[in-house]
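Undergrad: mind folding the following:
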Amino acid sequence: MKPVSFLTAALFFSLGQSLVVPVEDVTEISNIEDSIDLSELEGILEDRSLEDRAVRPKFTYHGFPRSATCAKHTYSKAQVHDAGEQAGKLQTRNKKLGKGKYPHVYHNRGREIKNFEKKCRGPLYEFPILQNKKVYFGTNPDDPGTDRVVVNVSKKNKKTGKVDVTFCGLMTHTGAKNGGAFVQCHWK
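TA: Residues are numbered from 1 along each chain as shown. Modelled structure (predicted):
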């Protein structure tokens, strides 16, 4: 079966929707069914669930600090917010990045992060915050680095699309007792 470009697929799809396109050589498209993989076309056109198409998420962010320091590295409000925003959007869409499958659930079993807000009682998600001022995309083998932002992400309201992303803390592997443990960072 021949590969079909998105533009070609869109053209064929529009033909099926009663749009008229002048054709000079009818014999070239006489076996159209043989040249299109319909499952591929459906995959291209159906990349979001019905629920996502019905109401798009509207994100609100709560409790993000003005700045934060992990070990000796200071993060700006924008850096902490951007990492939390990425975590919230990915979690809402049930998407994961990188070898560590971020964002993933953080249980705080070692009580590394103390003094949670009330909204931080539900599932918590950890997500890398990078010292190079970029947002984590899971593509660099050196990532995810040592530092993590921790957020709570509410379920999307099916009627309004509202999703709350609440800052719950920041932590680092730097200075922890063992390689997999964390210590709490400081924020204000």
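
Undergrad: ok, residues contacting the helix or strand harbouring Val80?
TA: Assigned by DSSP states H and E, Val80 belongs to helix 77-92. With C-beta atoms under 8 Å, 6 or more residues apart in numbering as the test, helix 77-92 has contacts from 57, 59, 61, 64-68, 96-97, 102-103, 125-130, 133, 135-136, 149, 151, 153, 156, 163, 165, 167, 170, 187. Bear in mind the C-beta positions are built from the backbone N, C-alpha and C, glycine included.

Undergrad: got the buried residues for it?
TA: With burial defined by 16 or more other C-beta atoms under 10 Å, the residues of helix 77-92 counted as buried are 79-92.

Undergrad: quick revisit: now the contacts of helix 77-92: which count as buried?
TA: 59, 64-65, 68, 97, 102-103, 125-130, 136, 149, 151, 153, 156, 163, 165, 167, 170, 187.

Undergrad: list the contacts of Ser67.
TA: Per C-beta under 8 Å, 6+ apart, neighbours of Ser67: Thr74, Tyr75, Ser76, Lys77, Val80, Trp187, Lys188.

Undergrad: pLDDT score for it?
TA: Looking at Ser67, its pLDDT stands at 97.

Undergrad: for it, give the beta-bridge partners.
TA: For Ser67, the beta-bridge partners under DSSP bridges are Ser76.

Undergrad: can you give me the distance of it to Ala78?
TA: To Ala78, Ser67 is 10 Å away according to C-beta to C-beta, to the nearest Å.

Undergrad: give the next helix or strand downstream of the helix holding Val80.
TA: strand 104-106.

Undergrad: list the buried residues in that following strand.
TA: Tyr106.

Undergrad: which strands or helices does it pack on?
TA: strand 124-128 (3 or more C-beta pairs under 8 Å, 6 or more residues apart in numbering; DSSP states H and E).

Undergrad: which other helices and strands does the strand it packs on contact?
TA: helix 77-92, strand 104-106, strand 147-153.

Undergrad: could you export that strand as PDB, CA atoms only?
TA: Once non-C-alpha atoms are left out, strand 124-128 reads as follows in PDB (Å, rounded to 0.1, in the frame of the first residue of the first chain):
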ATOM      1  CA  LEU A 124       0.600  14.400  43.900                       C
ATOM      2  CA  TYR A 125       2.700  14.500  40.700                       C
ATOM      3  CA  GLU A 126       6.400  15.100  40.400                       C
ATOM      4  CA  PHE A 127       7.900  16.700  37.300                       C
ATOM      5  CA  PRO A 128      11.500  17.800  36.400                       C
END
